[in-house]
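>>> sequence and computational prediction follow.
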Amino acid sequence: MLRVTTKLSDRRALRDWMAPPPYVLNEELRKKSTEGKLFATWPGPAAGSGRVKYEDENLLFKQLHFCGYMLSKLYKRARGATISASLKRQYALWTARYNQIRTRLTEGNLGLVYDLIGRTRFENLEREEMTSEGMMALLRAVDTFDPWRGFRFSTYACNAIIRAFSRAAMQDSKRRSKIAGPWDPEFEEGDMPELRRDGQRALFEERLQRILRLDNAMLSEVEKLVLARRFSLDRKGTRQTLEQIGRQMQVSKERVRQIQIAAISKLRDAIASDAVLRD
């Protein structure tokens, strides 16, 4: 009877434990030497919200997933056996390490959220809502980032945050379409396909501006000049004709057209390889 009572007590204690966090399973985690290699310099990351250096980032993410891996193993052991004091201490140790690393990675990358809020345009979303969506996307990105694939976390997180903004904008448009209000001819003209197109157009414009800003299309100075005069990013700006640009550059109208076609082709290739638009 005492044994049964102990088991029931263990099961109640198990329910009080934090469920194992998500982690990326990699073969390196199963090696016996991994713990010593990853935690040789522990006591862990220094507290603070400054940016994490790139050379430290990979190690922190591997440590994070190793903590998740260890917590998962301990949780499984606790389900099939009596929860000893040693098991409790180990679980508390790896939980503390996991939370310490996750907090450092999250706080060190908060700037990505605020930076993208300032640079993206989803006019129907309030700043507070974008901040909330961005924070949640950042947390999910920290939990699911795979450091063994060789990518930078900032690239992965930015894509996740922008997708979260886009989803939130579409959901907000859908909610607005269902809210009853005074009759307005403009409301009667709107429908869901148009709202969806507006959300997609805003995302496309933001990614195109990013491609131009980072020069991902590798445009020449002449190509940038022609595009700027033919397709002004400022909607109030005047668009010049091929002939006008040709006179200013002292080349033929046909040559300006050829430069324009080459520049647009480069932009299409850059857009096709953009990770956010591809998803």
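That came in fine, so what should we check first?

>>> helix or strand right after whichever strand or helix holds residue 142?
According to DSSP states H and E, residue 142 maps onto helix 127-144. Remark: after helix 127-144, the chain's next helix or strand is helix 153-178, criterion DSSP H and E.

>>> now that following helix, how far from the chain's geometric center?
Distance of helix 153-178 from its chain centroid, counting by CA atoms, centre = their mean, to the nearest Å, is 10 Å.

>>> buried ones in it?
153-154, 156-166, 168-170, 172-173 (16 or more other CB atoms under 10 Å). Heads up, the C-betas are built off the backbone N, CA and C, glycines and all.

>>> and the contacts of the helix or strand where residue 37 lies?
In this assignment (DSSP H and E), residue 37 forms part of helix 34-38. The contact list for helix 34-38 (CB atoms under 8 Å, 6 or more residues apart in numbering) reads 28, 59, 62, 63, 66, 70.

>>> angle of the helix holding residue 142 against helix 153-178?
140 degrees (axes from the mean of the first three to the mean of the last three CA atoms, to 10 degrees).

>>> check which helices and strands the helix or strand that the helix holding residue 37 is followed by sits against.
Sequence order places helix 54-80 as the next helix or strand after helix 34-38, per DSSP H and E. Under the contact definition 3 or more CB pairs under 8 Å, 6 or more residues apart in numbering; DSSP states H and E, helix 54-80 sits against helix 2-16, helix 27-30, helix 34-38, helix 85-108.

>>> can you give the distance of the longest one from its chain's centre?
Averaging C-alpha coordinates over helix 85-108 and over its chain gives two centres that are 23 Å apart (CA atoms, centre = their mean).

>>> and that helix, what's buried?
Of all the residues in helix 85-108, those buried under the rule 16+ other CB under 10 Å are 87, 90-91, 94-95, 97-98, 100-102, 104-108.

>>> wait, doesn't residue 144 sit right on residue 21?
No: at 11.0 Å, residue 144 does not count as touching residue 21 under the criterion of CB atoms under 8 Å.

>>> neighbour count for the two, which is higher?
residue 21 (18 against 12; other CB atoms under 10 Å).

>>> which one of the helices and strands packed on helix 54-80 has the poorest average confidence?
Least confident of these, judged by mean pLDDT, is helix 2-16 with a mean of 43.

>>> what distance do you get for the nearest residue to residue 127 once chain neighbours are set aside to residue 23?
Nearest residue to residue 127, sequence neighbours excluded (CB to CB, 6 or more residues apart in numbering): residue 117, at 6.4 Å. Using CB to CB, to the nearest Å, residue 117 is found at 29 Å from residue 23.

>>> same question for residue 228.
47 Å.

>>> ok, the two, which is more surrounded?
Legend: neighbour count by other CB under 10 Å for residue 228 and residue 23, higher for residue 23 (19 against 15).

>>> and the more buried one, which of the three is it?
Recorded secondary structure, residue 23: coil (DSSP: H, G, I helix; E, B strand; the rest coil).

>>> what's in contact with stretch 130-149?
Stretch 130-149 is contacted from outside by 21-24, 26, 28, 57-58, 61-62, 64-65, 102, 105-106, 109-110, 112-114, 116-117, 120, 122, 125, 153, 156-157, 160-161, 163-165, 167-168, using CB under 8 Å, 6+ apart.
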